[in-house]
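**Q** fold the stuff below for me.
(one chain, ligands or ions: 1)
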Amino acid sequence: MATIKVTSENIFPVIKKFLYSDHEIFLRELISNAVDATQKLKTLSRSGDVKGDLGDVRVRVLIDKKKKTLTVQDHGIGMTAEEVDKYINQIAFSGAEEFVNKYKDQAEAIIGHFGLGFYSAFMVADKVEIFSLSYKDDSKAVHWSCSGDTEVEMEDTIKSERGTDIVLHINKEFEQYLEDATIEGLLKKYCKFLPVEIAFGKKKEWKDGKEVELDEENIINNVAPAWTKKPADLKEEDYKTFYHELYPTLMDEPLFHIHLNVDYPFNLTGILYFPKIKSNLDVHRNKIQLYCNQVFVTDEVENIVPEYLTLLHGVIDSPDIPLNVSRSYLQSDNNVKKISSHITKKVADKLAEMYKTDKADFEKKWDDIKMFIQFGMLTDEKFYEKAVDFALLKNLDGEYYTQKDYIEKIKANQTDKDGNIVVLYTQDKDQNYTYIERAKQKGYDILEMTGELDVHQMSQAEQKQEKLRFVRVDSDVIENIIKKNDNDNANDNYTTEQKEGMRKAFEGVLPENSKLNYFVNCEATAEDALPVFLTQNEFMRRMKEMSAHQQGMSFYGQMPDQYNLVINTAHPLIKELMDKMTSETVMEEVKKNASGHSDKENANEDAKEMVEKTVWTLKDQDERLKQLLDIALLASGQLKGEALANFVNRSVSLL
Ligand code: ADP
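**A** Below is the predicted model:
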């Protein structure tokens, strides 16, 4: 009788407790061992250390429902009794006691620290047996068994085939692992691309509405997946086929791929695919899969690769990624960090090259990949530095420019009196139509910024470059957005009181809407601008939009939308209204009243009175005020429902 070299009371409860949540990985561990043993045998055969034909080297997974056992069988190098003692009895938990005591409360550290490997079988089995025959000449077969305590039994046995059978007597609680469907599911998850054929049961076929078993074995895996081949040996078609092999449920074709192949300073192969990213929603359904020597490790790659890379699809395979992963362990792993920054560089280089070699093609793909690139630029400084040279802006004519080229294009015409380069954009060209037309009349160019991350991109660009401003075309009258002279709009001939009266009169007809706030003010804009129009402060609006994506900014998100209602005192219609209220009779009356008082306090009284008079005079113009206001709302796409119906009816009656 031998004893496992663990002096702690009992290691098995620890395994069961700590690994409980992830117990299915036992199958991956056992099959990995079987594949390793087979690969070692192949290596020995190639070097001539093992003579003759290797025969059948498939790994098989067998279920015996009656005996309630699950067996992983290989025909690899096998183990002698001495090796079982050395590798299974002693090595497995050398130093385990000390380690377990130290990290009692940190399950993840335990999983991450040492390959529980073979012993993970005890997560689901009451008793585990090993039957093994070494490839070495004159070996005796060995039988090992252990019932989940520190005592093991070892004896000679009879086994004719080279290799190892690991037999698990499945615990009552885990009888799902005796179900074909469960095991097949796990094999598909962990073993799909293992380098040695894994057989599970027989192939099945539908015949006359019945499923019949064929003679042929059911092979789970593709032993030579695309990423293990040389890029030169693969055609475009092969990459696409592999994409669908990886994601059987995905119908879309990927846009393009990057084949990763590094052997220094670490080993890494893989293929990354750029999918069409339609919205934030369908991003996380199909993820990048992480492999270690073709063994599936995880598809939870968040925190392992930069977040924006999780938008990509594909596989990454590196023997330098620890197989027994816990996420927190991986993050702190130095190899993982290096791998992550290497991938960032590769991806950026590939995109830069694509842009350089075929701009037209890159532009065609831009709308589909822009979210990925913007996300990368916003979250990864290194990526930003490279991407700023191929990240594109699209204008209303459907032309694409890099930021640098675009600034070159507009600089001459769209620089204001303070030297700010003003980039105009719209988020809705139909809603902003009137504003866009006026900007175009001035020869200005307008960008279309409809992407989910566009506002963030603008803010980032502004931070990076002084004197660069992005302004939505409807945020003010165009003359104010790009101010060319100091006193452009200064001259109207109305007094503060007159304007105040006009302001109040319009306030009186404003719609009641708790979500919207309107600030009314008078401004001599331009004769050809609308008589009354809405503008929206760029900063406030953008903060509100950005808060939708960012934590800690809900303060902005909760604020009501704010608009400026500008009464254009340069417009003939407004002038006419002004003239009406400042008509002789009104003015005279005001003057008469005013002449009675001469001191300062009374002058204030006069002003107040004049404002009231004005409002009062405009009362009989109510219908016209409403009509003007509605036109302003209509021009900004804000006139809806009942208000719109009222406008239509009023318009008819005015005709
Ligand atoms: P690891 O695989 O991480 O080394 P394990 O506990 O899974 O840890 O296995 C310990 C050792 O036992 C292996 O390194 C290997 O030498 C031996 N071993 C396990 N399974 C097999 C097998 N099926 N065939 C041959 N040797 C095996």
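**Q** get me the contact residues on the stretch 151-300 of the chain for the ligand.
**A** Within the stretch 151-300 of the chain, the positions near the ligand by Cβ under 6 Å from any ligand atom are residue 164. For the C-beta atoms, the positions are set from N, CA and C on the backbone; glycine is no exception.
**Q** remind me which residues of the stretch 151-300 of the chain are low pLDDT?
**A** Applying pLDDT under 70 to the stretch 151-300 of the chain flags residues 278-285.
**Q** tell me where it has helices.
**A** 180-190, 236-246 (DSSP state H, counting those that start in this stretch).
**Q** the ones you listed into TSV, with extra columns for mean neighbour count?
**A** Below are these laid out as TSV (neighbours: other Cβ atoms under 10 Å):
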stretch	mean neighbour count
helix 180-190	16
helix 236-246	15
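**Q** could I get the buried residue list for the lengthiest helix in the chain?
**A** Counting residues, the longest helix in the chain under DSSP state H turns out to be helix 334-357. Neighbour-count burial for helix 334-357, with 16 or more other Cβ atoms under 10 Å as criterion, is recorded at 335-336, 338-340, 343-344, 346-348, 350-351, 354-355.
**Q** so how far is it off the chain centroid?
**A** Helix 334-357 has its C-alpha centroid displaced from the chain centroid by 17 Å (Cα atoms, centre = their mean, to the nearest Å).
**Q** which strands and helices sit next to it?
**A** If you count contacts as 3 or more Cβ pairs under 8 Å, 6 or more residues apart in numbering; DSSP states H and E, helix 334-357 packs onto strand 256-262, strand 268-274, helix 359-379, helix 381-387.
**Q** against residue 367, how distant is residue 645?
**A** To residue 367, residue 645 is 38 Å away according to Cβ to Cβ, to the nearest Å.
**Q** and if you look at residue 437?
**A** 25 Å.
**Q** could I get the full set of strands for the stretch 51-200 of the chain?
**A** Assigned by DSSP state E, counting those that start in this stretch, the strands in the stretch 51-200 of the chain fall at 59-64, 69-73, 125-133, 141-146, 151-157, 163-170, 198-207.
**Q** ok, the shortest one near the ligand or not?
**A** No - under the criterion of Cβ under 6 Å from any ligand atom, the ligand is not reached by strand 69-73; the shortest gap measures 7.4 Å.
**Q** what mean pLDDT does that strand get?
**A** Mean per-residue pLDDT for strand 69-73: 98.
**Q** can you list contacts of it?
**A** Identification of contacts with strand 69-73 by Cβ atoms under 8 Å, 6 or more residues apart in numbering yields 27, 30-31, 33-34, 59-64, 125, 163-170, 177-178, 183.
**Q** now, of these, which are buried?
**A** Using 16+ other Cβ under 10 Å as the threshold, 27, 30-31, 33-34, 59-61, 63, 125, 163-170, 177-178, 183 are the buried ones among those.
**Q** pLDDT value on residue 330, please?
**A** So residue 330 comes in at 60 (pLDDT).
**Q** just the closest residue of the stretch 101-250 of the chain to the ligand, please.
**A** Residue of the stretch 101-250 of the chain nearest the ligand, by Cβ to the nearest ligand atom: residue 117 (2.2 Å).
**Q** which one is that residue nearest to, not counting chain neighbours?
**A** Spatial nearest neighbour of residue 117, chain neighbours left out: residue 29 (5.1 Å); criterion: Cβ to Cβ, 6 or more residues apart in numbering.
**Q** if we can go back for a sec, more neighbours, residue 437 and residue 367?
**A** residue 367 (15 against 11; other Cβ atoms under 10 Å).
**Q** name the nearest residue to the more buried one, sequence neighbours excluded.
**A** residue 394 (7.8 Å).
**Q** just to revisit the earlier point, show me which of the strands of the stretch 51-200 of the chain has the highest average neighbour count.
**A** By mean neighbour count, with neighbours taken as mean count of other Cβ atoms under 10 Å, strand 163-170 ranks first of those at a mean of 23.
**Q** which other helices and strands contact that strand?
**A** Using 3+ Cβ pairs under 8 Å, 6+ apart, strand 163-170 sits against helix 25-46, strand 69-73, strand 125-133.
**Q** give the pairing partners of that strand; include direction for each.
**A** Here strand 163-170 has these sheet partners by DSSP bridges: strand 69-73 (antiparallel), strand 125-133 (antiparallel).
**Q** those into JSON lines, with extra columns for distance to residue 625?
**A** Shown next, in JSON lines, are the strands paired with strand 163-170 (distance: least, Cβ to Cβ, whole Å):
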{"stretch": "strand 69-73", "distance to residue 625": "83"}
{"stretch": "strand 125-133", "distance to residue 625": "84"}
